[in-house]
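Q: Build me a model:
(one chain, ligands or ions: 1)
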Amino acid sequence: MEEERTQSKKRKRNKPRKSQNNNNPSHQKNKVTHDPNQSSSGLAHPTKSSTFLDKMRARLSGGHFRMINEKLYTCCGKEALDYFKDDPALFDMYHTGYQEQMSHWPEQPVNIIMKWLKNHNPSLVVADFGCGDGRLAKNVKNKVFSFDLVSNDPSVIACDMSKTPLDSSVIDVAVFCLSLMGTNYQNYLKEAHRVLKPCGWLLIAEVKSRFDPNTGGADPKKFSKAVCDLGYSSVLKDYSNKMFVLLYFKKKDKQKSEMKEIEWPELKPCLYKRR
Ligand SMILES: C[S@@+](CC[C@H](N)C(=O)[O-])C[C@H]1O[C@@H](n2cnc3c(N)ncnc32)[C@H](O)[C@@H]1O
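A: Here you go, the predicted model:
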């Protein structure tokens with residue numbers, strides 16, 4: 001019972017209250033609010049207090065983002081799916097904060113993956129696992145199946161990416177761009193292996209600190225070995241970017257008939273600091 005109460009407290013801590021959802025335009029649409037900075041002419045004066053309010057709003061929004069981000073890194077895919085099903089507005093809140101964080105990165109990994117695809121045959125069929133706003137699909141000529149926990153766009157398929165609706169061996173390139181978030185991340189890579197054709201590509205972009213053993217991150221060699229044991233060959237590891245690593249694997253042509261137990265290293269959550 002005590003355990004249950006603690007769990008329930010934890011659940012509450014991991015969820016911003018729905019009524020606090022000031023950042024979601026859909027929640028604001030039908031709301032009439034009184035803004036003390038609004039003059040009788042209806043034009044807002046950029047007063048000191050509006051700057052203060054803006055700062056407070058930004059702080060609240062940043063806090064919500066960090067809370068949702070931590071939740072996604074500390075639960076399995078099924079729980080993450082239920083979390084957003086319960087309140088889809090949290091997904092917009094997460095992505096507003098995520099875009100804010102990414103705006104401070106000198107280079108976005110999704111752009112590198114776009115360039116890679118543009119340098120390869122556009123007939124390659126792509127699956128974007130954890131596609132976010134589906135930017136990859138919108139910027140390449142390839143046929144892209146985009147998956148995420150919530151779909152705000154008809155081109156995005158909402159699902160837990162450990163179980164996509166794709167048939168086996170239909171994909172040429174599987175992309176995970178900063179999306180190995182769940183505690184069961186290995187199930188996402190297994191799903192990618194199932195849907196990839198023999199010799200298909202697996203491209204992984206991940207936050208560098210998650211693969212830095214000096215700061216509590218996983219040993220990249222152990223991660224790479226686990227992926228190879230699943231049935232891939234490592235083709236290239238690119239550590240040149242300050243913020244993220246890019247790992248390129250190819251699915252083996254022939255799979256071993258008996259699979260040995262794979263030792264997956266734990267991937268630490270990527271928690272963003274308050275700015
Ligand atoms: C950090 S964002 C990156 C988005 C996009 N790939 C990019 O690079 O801009 C990670 C995305 O993975 C999604 N995600 C995490 N776990 C997932 C799961 N189990 N199934 C589907 N999507 C998932 C999140 O909802 C989020 O949109």
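
Q: Please, where are all the strands along the stretch 101-250 of the chain?
A: 126-129, 144-148, 156-158, 171-177, 196-207, 232-238, 244-251 (DSSP state E, counting those that start in this stretch).

Q: Which of those sits closest to G63?
A: strand 196-207 (20.3 Å; CB to CB). Backbone N, C-alpha and C define where each C-beta goes, glycine included.

Q: Please name every helix or strand in contact with that closest one.
A: helix 109-118, strand 171-177, helix 185-195, strand 244-251 (3 or more CB pairs under 8 Å, 6 or more residues apart in numbering; DSSP states H and E).

Q: buried ones in it?
A: Buried residues in strand 196-207, counted by 16 or more other CB atoms under 10 Å: 196-197, 200-207.

Q: Without its sequence neighbours, what residue ends up closest to G97?
A: F65 (2.3 Å; CB to CB, 6 or more residues apart in numbering).

Q: can you count the residues close to that neighbour?
A: If you count neighbours by other CB atoms under 10 Å, F65 ends up with 23.

Q: Likewise for D219?
A: Residues near D219, counting by other CB under 10 Å: 12.

Q: where's it relative to the ligand, distance?
A: 22 Å (CB to the nearest ligand atom, to the nearest Å).

Q: K138 now?
A: 11 Å.

Q: confidence score at that residue?
A: For K138, the pLDDT comes out at 97.

Q: swap in the one 4 residues further on?
A: Reported pLDDT at N142 in the predicted model: 98.

Q: Tell me the backbone dihedrals of it, please.
A: phi -60, psi 160 (degrees, to the nearest 10).

Q: quick one, what contacts it?
A: Taking CB atoms under 8 Å, 6 or more residues apart in numbering, we find N142 in contact with 117, 122-126, 173.
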